[in-house]
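K.L.:
need a 3D model of the following:
(chains A, B, C and D)
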There are 4 protein chains.
Amino acid sequence: MRFGLLGAGRIGRIHGLNVAARGDARLVAVADASADAAASLAELAGAKVASAEAILSDAAIDAVLICTPTDTHADLIEKAVEAGKAVFCEKPVDLDAARIRRCLDVVAKSGKPLMIGFNRRFDPNFAALEKRLRQGEAGDIEIVTVISRDPGPPPVDYVRRSGGLFRDMMIHDFDMARFLLAEEPVEVFALGSALVDKAIGEAGDVDTAAVVMKTASGRIAQISNSRRATYGYDQRIEVHGAKGMLRAGNIHETTVEIATGDGFRSDPVQNFFLERYAAAYRAELDAFVAVCAGKAAPSPSGLDGLRAQLLADAATQSARSGKPVAIEVA
Amino acid sequence: MRFGLLGAGRIGRIHGLNVAARGDARLVAVADASADAAASLAELAGAKVASAEAILSDAAIDAVLICTPTDTHADLIEKAVEAGKAVFCEKPVDLDAARIRRCLDVVAKSGKPLMIGFNRRFDPNFAALEKRLRQGEAGDIEIVTVISRDPGPPPVDYVRRSGGLFRDMMIHDFDMARFLLAEEPVEVFALGSALVDKAIGEAGDVDTAAVVMKTASGRIAQISNSRRATYGYDQRIEVHGAKGMLRAGNIHETTVEIATGDGFRSDPVQNFFLERYAAAYRAELDAFVAVCAGKAAPSPSGLDGLRAQLLADAATQSARSGKPVAIEVA
Amino acid sequence: MRFGLLGAGRIGRIHGLNVAARGDARLVAVADASADAAASLAELAGAKVASAEAILSDAAIDAVLICTPTDTHADLIEKAVEAGKAVFCEKPVDLDAARIRRCLDVVAKSGKPLMIGFNRRFDPNFAALEKRLRQGEAGDIEIVTVISRDPGPPPVDYVRRSGGLFRDMMIHDFDMARFLLAEEPVEVFALGSALVDKAIGEAGDVDTAAVVMKTASGRIAQISNSRRATYGYDQRIEVHGAKGMLRAGNIHETTVEIATGDGFRSDPVQNFFLERYAAAYRAELDAFVAVCAGKAAPSPSGLDGLRAQLLADAATQSARSGKPVAIEVA
Amino acid sequence: MRFGLLGAGRIGRIHGLNVAARGDARLVAVADASADAAASLAELAGAKVASAEAILSDAAIDAVLICTPTDTHADLIEKAVEAGKAVFCEKPVDLDAARIRRCLDVVAKSGKPLMIGFNRRFDPNFAALEKRLRQGEAGDIEIVTVISRDPGPPPVDYVRRSGGLFRDMMIHDFDMARFLLAEEPVEVFALGSALVDKAIGEAGDVDTAAVVMKTASGRIAQISNSRRATYGYDQRIEVHGAKGMLRAGNIHETTVEIATGDGFRSDPVQNFFLERYAAAYRAELDAFVAVCAGKAAPSPSGLDGLRAQLLADAATQSARSGKPVAIEVA
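P.N.:
Below you'll find the model as predicted:
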């Protein structure tokens, strides 16, 4: 299986090197606006540097990984599926839901698979929890809680272009909530504040937020986000059900603990998302390779991408209006 | 110090026996609608049985503990303070906020202290957390999370008379959120479902609920409640702040752990609120004795009782209307 | 049931007040070399002060609790059983095994029950572990590990009179190992060092020690002791068996945890043995009351006291000689 | 840097693939008695198949990794250093201490570095603990405890050739104890039993064992081993010191936890040594590459290998004789 990579930034490098380390797939070409970034990764991965156009028109390439800036995703997805390639695209498809819908129409007509990069579904801990949830270990689902806190806020410049916390950061948690609930939320209420960095508030965004959602059958989901956690990258999920509670927690840097008169102290939790989710990125690629091989349907799909985006849009609107927003299921 | 007890039910017995076990206070009289309940406790505690009226008019009694049904609280508080007694009253003062306000006016005029029984503030774990929070260990408060799940739902008959989950159960969590936030919530949004017991839904109440609240400075509080937790009485608090996170968890029945091929299994958490909060009830009485001795102002005060009730009312209204409710700080 | 207490020191007060708090037993008399100590406890417990002789000859007293200095235990036990009383005696019966044997002969002839105060067997955590062990949860026992570390070393004067670490401190762990193994050790090897306090070494004792023991069927027990642990009173047991591992750990002062850039810090473990084992002392008294009522055989018995002492003697000898010591089962 | 690999079995494959994944080293040749094993690894790693002799005489090879059966180690080490290569050899150098000494003399004369594969020193958890221990976090070391339990016993055939539990399994723990103690044990006492598999006992070996050791300054080390743990590969270390306790524990398969009426259950610990120590093997190779580059002295060295072997020999002798064995520091 031959892969082309569009975008050789931080996340593109991860996927590119993960392809290169496989026995059943090869990274053949890398495109990036920065010639240096493309060349450096291409050398490491044993690939050539090429333009996006060249990759998309290369009949010998079976699949592309889209890791370019968000505003290019929808166009590249369309071109790639029309060129007959299987597509993996980092979230989001687009910040505009209408644009996502048009893109998914093009994908549907092409008959080619599109998988969206919600990496957390593939974290071995969260994936194991979801599997056990589906097997009924916790019984009927009643309350899903997702806690997600970044180690530190991004630059305000990034915040300005990001679409806002709900679309940029909490979208992962909307996807996780949907993944765990196994039912669509029909109502969203969001609260947000700029408590971490005043400049984020001045830029019209929030850095601290909470969302509650409800599904048609009455299941409840709670999400909380902060752009800063002093103790690492805080990523926790908990599902309360009729038979019990399933939860998955953080991974500490080491298992070392010191006990003194000040108490028992263990390490901070893993701080960097590329480290925290290294295994998830590998498993995500496993899933996409299975999709390319025709062994599995793409999951998360383009529709999953759309639905998470609609929740993020609704939360954004709710936080602004101060009112709950009903979701019409896509 | 001489105490009279009004109400010798489950919680009245706890307080009565805690008074009896002290060196600095005596339980002298017990009143209860059930002569048997009064007699049984009176014998254990070395007290006499008396009517509520007799207790209130006994000049030798310094303070009364009101543990009667909710709908008698306000009247008894008024009579007691007018009779010159210090009063400890189990929550709530009344299910009707207007009635609470009138009662607090009577208390204010009397010059006598009124302390409200929000026992969880006195749990040694939660009290230690709050103290460290006030000392600034977590920095400025950003997100307060309270998780509170009962082992099992009450009978539907009880539910019908209870005022609803938000007033009957979550009121403890509203008080805890206020205690931790150290700032009044100004907005409340609530979601509820009847997922545990259909009959609770048919009775017009919910058994699973989530609330988000915001303070004027933008602090966020999240509360979730369930009327059933298979693994015990689930009582957790977590405060995320600028410098770190403080949290306090459950207490397992024992510290025993078994490791086998199925994994590592520890005990359920303490299942019964009287066991879970036994130390809290003792510390609560310590605080009231200090109030009676003039060494401390009553805390939680009648105003704390009113404010928690207003939040519970707002949540009840929000869950019914589907809209957030603004709180005018009392 | 009417109790007399001989010895109103730290541990005598615990037992005396625990008797006084019961509904099914009364503390009627307290004896102590210090008139003040006896009077203070007697007042609190509603008992009278009496001489040991008066207590032993008072036909209205059913049982005595012996909490006097070690060198008086054997004589008092003999006098008490000969006076027809049920006897609870703090460990050890005597520092000399031959004296213990003579005393147990007197007890046997009297037909009166003697229970020895190895309080840790009654700790709810350790008792639950032992029960589950007997029920076979861990399968056949292979390795028993006991870790026991005091918060700080005793004064050297105390050390000099104590019989040495193995008889004074580790004797509890020898009893715990026997309790868990359910088989007698037949071989003991001990190592000790004075690492905590040089003066303890100069007094001929050790403050840091490790013991390994083996039973006839090949089960292995490991014990380690230190006279100092900066993080509290460290009390852990672990049993490795054919089906799994059962362990019971320490109890932290509270459940509060703080997470910052320095990591996650929980409280030290409970520091003081009277706090750590408060529930154990109450359960121990429950057991003795059942013995007095003829509902249970005394356990731990005088023979348990002797056997733990023989292991402590063997360990003392082993640490001095540098050689393992064989145990002839008493 | 060009590496040759002698031995393409389970552990040889790990090292070979770890070399192949590096940017600063290449695996150029693989030798194995099994042509298939050699060919399969060579293909994966981009190396050629060669004989051991060819590898040792190939001047273009800088360093060799010796992963062959134990009885070939000493000869191969000698040949390799005499051929001018840096050598990494899996433990042990030999089962006979005299043979190890002769081999180390040859190494010394050659001036070439020899590093021994005690992989656990490189586990990120244990390495972090040791670093913090050296920085003084726990103060002066008093008691080192190493618990090491395999998921299941090896075949009896393997046991017969293994040199016995102390040399085959506990040798890792002797090395770990030395690593942590930072002082040589001068006395060893060992107990062993065959409790897991009778056939192991019939083969003259033990499967359950405990060792205590003492250093000249009085530090104490305890080790316990079992050939079977139902809950995974149990690998724990704990160091008690004057200022506190440092410990490092097991790694669970996932962070998922389920809470029900049966309690809270987390996963078994990682079961397979190649998974548990995957990061350790990579870090071990980092260290050897630094040695080859002249940037670091080999550690653990050949002398570390000898000293661990002498402790294993002493424990074997102690378990047989029933007497402690004094160690003359090599």
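K.L.:
show me what contacts A:Asp32?
P.N.:
A:Leu6, A:Gly7, A:Ala8, A:Gly9, A:Gly12, A:Ala38, A:Leu41 (Cβ atoms under 8 Å, 6 or more residues apart in numbering or on different chains). No exception for glycine: its C-beta is placed from N, CA and C like everyone else's.
K.L.:
can I get those in JSON lines including distance to chain C and neighbour count?
P.N.:
Shown next, in JSON lines, are those (distance: Cβ to the nearest Cβ, whole Å; neighbours: other Cβ atoms under 10 Å in any protein chain shown):
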{"residue": "A:Leu6", "distance to chain C": "37", "neighbour count": "27"}
{"residue": "A:Gly7", "distance to chain C": "32", "neighbour count": "30"}
{"residue": "A:Ala8", "distance to chain C": "32", "neighbour count": "28"}
{"residue": "A:Gly9", "distance to chain C": "27", "neighbour count": "16"}
{"residue": "A:Gly12", "distance to chain C": "30", "neighbour count": "23"}
{"residue": "A:Ala38", "distance to chain C": "36", "neighbour count": "25"}
{"residue": "A:Leu41", "distance to chain C": "32", "neighbour count": "24"}
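K.L.:
can you tell me which of those residues is nearest chain B?
P.N.:
Among the contacts of A:Asp32, A:Gly9 lies closest to chain B (Cβ to the nearest Cβ), at 30.1 Å.
K.L.:
touching, that closest one and A:Ser40? I think so.
P.N.:
No: using Cβ atoms under 8 Å, A:Gly9 makes no contact with A:Ser40, being 11.3 Å away.
K.L.:
what strands line up against the helix or strand harbouring A:Ser148, and which way round?
P.N.:
Per DSSP states H and E, A:Ser148 falls inside strand A:141-149. Using DSSP bridges, strand A:141-149 pairs in its sheet with strand A:220-226 (parallel), strand A:234-241 (antiparallel).
K.L.:
most tightly packed of the ones you listed?
P.N.:
Most buried of the strands paired with strand A:141-149 by mean neighbour count (mean count of other Cβ atoms under 10 Å in any protein chain shown) is strand A:220-226; its value is a mean of 26.
K.L.:
quick one: average confidence on that strand?
P.N.:
Averaging pLDDT along strand A:220-226 gives 98.
K.L.:
now stretch A:229-241
P.N.:
98.
K.L.:
got the CA positions of that stretch in PDB?
P.N.:
Provided in PDB are the C-alpha atoms of stretch A:229-241 (Å, rounded to 0.1, in the frame of the first residue of the first chain):
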ATOM      1  CA  ALA A 229      -3.400  22.400  33.800                       C
ATOM      2  CA  THR A 230      -0.200  22.800  35.800                       C
ATOM      3  CA  TYR A 231       0.100  19.100  36.400                       C
ATOM      4  CA  GLY A 232       0.200  17.900  32.800                       C
ATOM      5  CA  TYR A 233      -2.200  17.100  29.900                       C
ATOM      6  CA  ASP A 234      -5.300  16.000  31.800                       C
ATOM      7  CA  GLN A 235      -7.400  13.600  29.800                       C
ATOM      8  CA  ARG A 236     -10.100  11.600  31.700                       C
ATOM      9  CA  ILE A 237     -13.400   9.900  30.800                       C
ATOM     10  CA  GLU A 238     -16.000   8.400  33.100                       C
ATOM     11  CA  VAL A 239     -19.200   6.600  32.200                       C
ATOM     12  CA  HIS A 240     -21.800   6.000  34.900                       C
ATOM     13  CA  GLY A 241     -24.400   3.400  34.100                       C
END
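K.L.:
and that stretch, how far out from the chain middle?
P.N.:
Chain-centre distance of stretch A:229-241: 16 Å, with Cα atoms, centre = their mean, to the nearest Å.
K.L.:
need the helix or strand of chain A with the lowest average pLDDT.
P.N.:
Ranked by mean pLDDT, DSSP states H and E, the weakest helix or strand in chain A is helix A:273-276, scoring a mean of 89.
K.L.:
can you show me the CA trace of it as CSV?
P.N.:
Extracted C-alpha coordinates of helix A:273-276, given in CSV (Å, rounded to 0.1, in the frame of the first residue of the first chain):
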residue,chain,number,x,y,z
PHE,A,273,-0.2,15.2,23.4
LEU,A,274,2.2,13.5,20.9
GLU,A,275,3.6,11.5,23.8
ARG,A,276,0.3,10.9,25.5
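K.L.:
who's in contact with it?
P.N.:
A:Arg10, A:Ile14, A:Tyr233, A:Gln235, A:Ile251, A:Val269, A:Gln270, A:Tyr281.
K.L.:
tell me if I'm right that the fourth one and A:Ser148 touch.
P.N.:
Yes: counting by Cβ under 8 Å, A:Gln235 does reach A:Ser148; the two are 5.9 Å apart.
K.L.:
joint contacts of those two?
P.N.:
Joint contacts of A:Gln235 and A:Ser148 (Cβ under 8 Å, 6+ apart) do not exist.
K.L.:
now do the phi/psi pair for the residue of chain A most remote from its centre.
P.N.:
Residue farthest from the centre of chain A, counting by Cα atoms, centre = their mean, is A:Gly261 at 42.0 Å. Main-chain torsions, A:Gly261, degrees, to the nearest 10: phi -60, psi -20.
K.L.:
ok, it - contacts?
P.N.:
By Cβ under 8 Å, 6+ apart, the neighbours of A:Gly261 are C:Thr230, C:Tyr231, C:Pro268, D:Gly244.
K.L.:
repeat the analysis, applying 7 Å as the threshold.
P.N.:
Under the criterion of Cβ atoms under 7 Å, 6 or more residues apart in numbering or on different chains, the neighbours of A:Gly261 are C:Thr230, C:Tyr231, C:Pro268.
K.L.:
highest neighbour count among those?
P.N.:
Counting neighbours by other Cβ atoms under 10 Å in any protein chain shown, C:Tyr231 comes out on top of the contacts of A:Gly261 with 24 neighbours.
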